[in-house]
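Enquirer: predicted coordinates and the sequence they were generated for:
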Amino acid sequence: MDKKLQDQIAIITGASSGIGAGVAKAMAAVGATVVVNYPVDAAKDMAEAVKNEITSSGGKAIVYKTDVSKEEEVKQMFADTVAQFGTVDILVNNAGLQRDAPFTEMTLEQWNYVLSVNLTGQFLCAREAVREFLRRGISNKSKSAGKIICMSSVHEVIPWAGHANYAASKGGIMLLMKTIAQEFASKRIRVNSIAPGAIQTPINRDAWDTSAHLQNLLKLIPEKRIGQVEDIGNAAVWLASDDADYVNGTTLFVDGGMTLYPGFVDNG
């Protein structure tokens with residue numbers, strides 16, 4: 001296998017399960033040393049399992065507990081990673097969650113909690129990453145000084161009733177990503193997003209856990225299959241590699257065509 005990310009240090013937030021775990025495994029498989037971030041003690045065993053799967057396959061990984069919505073914890077994660085490995089080359093801003101409710105019943109706590117993790121967490125981690133990229137500059141490991149991949153969603157463009165906080169966070173990620181990319185492109189820092197569609201993970205289990213639920217979901221996906229974490233992992237490896245060196249400030253939709261307005265496939 002081509003080691004596209006050989007010897008690069010990658011922090012993947014929210015990597016104890018789901019998409020984050022898939023990205024961690026994919027990056028480790030092509031040579032990156034992966035920091036498997038997890039948010040709370042209850043997720044430690046899952047993070048350790050991801051690390052063990054990586055190391056048993058010959059890869060390199062550590063686990064690190066951080067609540068990405070907490071500024072001091074984020075700063076410490078980056079400081080400790082730099083102290084142990086010398087730098088950070090890649091950040092995958094993946095940590096995210098849902099607290100769903102009809103709009104008129106959504107509490108301020110639900111709103112703030114989702115925004116604090118999904119959007120503020122991406123800001124805090126990206127800020128520390130950019131600071132490290134600027135400190136180090138371009139090395140011989142990559143054509144870029146650093147790479148950030150923001151995990152967004154098809155819901156940065158598709159409204160989602162009953163999920164106003166989540167959709168707002170993903171719309172915010174889109175312009176946060178573009179603004180950082182614009183500001184630091186001249187410093188050879190690349191910032192892009194991946195917008196997954198329906199990916200088979202625990203966060204959306206109720207959408208695919210029965211045959212009836214899955215068939216209903218597939219009505220929204222022209223490709224007629226639910227995505228797998230490997231689909232996102234492969235996209236993340238490409239965006240972080242020098243193969244994507246001229247890609248900056250864009251969202252890569254990995255969604256089986258979910259954004260193609262599938263309701264119009266038969267002329268509406």
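Expert: That came through fine.
Enquirer: going forward, measure contacts and count neighbours with C-alpha atoms only.
Expert: Will do.
Enquirer: got a list of what Ile221 touches?
Expert: Counting by CA atoms under 8 Å, 6 or more residues apart in numbering, Ile221 makes contact with 255-258, 262.
Enquirer: cool, Gly31 as well?
Expert: Taking CA under 8 Å, 6+ apart, one finds 3-8, 59 in contact with Gly31.
Enquirer: skipping adjacent residues, who's closest to it in space?
Expert: Gln6 (4.0 Å; CA to CA, 6 or more residues apart in numbering).
Enquirer: that neighbour - how many residues pack around it?
Expert: 17 (other CA atoms under 10 Å).
Enquirer: quick one: secondary structure of it?
Expert: coil (DSSP: H, G, I helix; E, B strand; the rest coil).
Enquirer: compare the contacts of Ile221 and tell me which is most surrounded.
Expert: Asp255 (25 neighbours).
Enquirer: read off the pLDDT value for the closest residue to that one other than its chain neighbours.
Expert: Nearest residue to Asp255 in three dimensions, chain neighbours excluded: Gly197, at 4.0 Å (CA to CA, 6+ apart). For Gly197, the model assigns a pLDDT of 96.
Enquirer: Gly197 touches Leu260, doesn't it?
Expert: No: Gly197 is beyond contact range of Leu260, at 11.4 Å (criterion: CA atoms under 8 Å).
Enquirer: between these two, which has more neighbouring residues?
Expert: Neighbours per residue (other CA under 10 Å) separate Gly197 from Leu260, with Gly197 holding more: 23 against 13.
Enquirer: that older thread, most neighbours among the contacts of Gly31, which one is it?
Expert: Leu5 (24 neighbours).
Enquirer: got the contact list for that one?
Expert: 27, 30-32, 141, 237, 240-241.
Enquirer: then Ala145?
Expert: Counted by CA under 8 Å, 6+ apart, Ala145 has contacts 89, 133-134, 136-139, 187-190.
Enquirer: just those residues: which are in strands?
Expert: 189-190 (DSSP state E).
Enquirer: show me the shaky parts of this protein.
Expert: Along the chain, segments meeting pLDDT under 70 span 1.
Enquirer: and the lengthiest helix in it, what does it pack onto?
Expert: In the chain, taking DSSP state H as the definition, the longest helix is helix 164-184. Using 3 or more CA pairs under 8 Å, 6 or more residues apart in numbering; DSSP states H and E, the elements in contact with helix 164-184 are helix 108-115, strand 189-196.
Enquirer: which members of the contacts of Gly31 are the farthest-apart pair?
Expert: Largest separation among the contacts of Gly31 by CA to CA: Lys4 and Gly59, giving 13.5 Å.
Enquirer: which one of the contacts of Ile221 is nearest Thr81?
Expert: So of those, ranked by how close each gets to Thr81 (CA to CA), first place is Asp255, at 32.4 Å.
Enquirer: my read: that closest one touches Gln200, true?
Expert: No: if you go by CA under 8 Å, Asp255 and Gln200 don't touch, sitting 11.6 Å apart.
Enquirer: which residues do these two both contact?
Expert: Joint contacts of Asp255 and Gln200 (CA under 8 Å, 6+ apart) are Gly227.
Enquirer: which stretches of the chain form strands?
Expert: 9-12, 33-38, 60-65, 90-93, 146-151, 189-196, 251-254.
Enquirer: pairing partners for the second one, with directions?
Expert: For strand 33-38, sheet partners with direction are given as strand 9-12 (parallel), strand 60-65 (parallel), following DSSP bridges.
Enquirer: which one of the ones you listed lies closest to Asn94?
Expert: So among the strands paired with strand 33-38, strand 9-12 is nearest, using CA to CA, at 6.5 Å.
Enquirer: who touches the closest one?
Expert: Against strand 9-12 from outside (CA under 8 Å, 6+ apart): 20, 23-24, 27, 32-37, 85, 87-94.
Enquirer: show me which of the residues you listed are buried.
Expert: 20, 23-24, 27, 32-37, 87-94 (16 or more other CA atoms under 10 Å).
Enquirer: Ile12: how many residues sit nearby?
Expert: Residues near Ile12, counting by other CA under 10 Å: 26.
Enquirer: contacting residues for the residue nearest to Gly31?
Expert: Counted by CA under 8 Å, 6+ apart, Gln6 has contacts 30-32, 141.
Enquirer: please report how far it lies from Tyr261.
Expert: Counting by CA to CA, to the nearest Å, the gap from Gln6 to Tyr261 is 39 Å.
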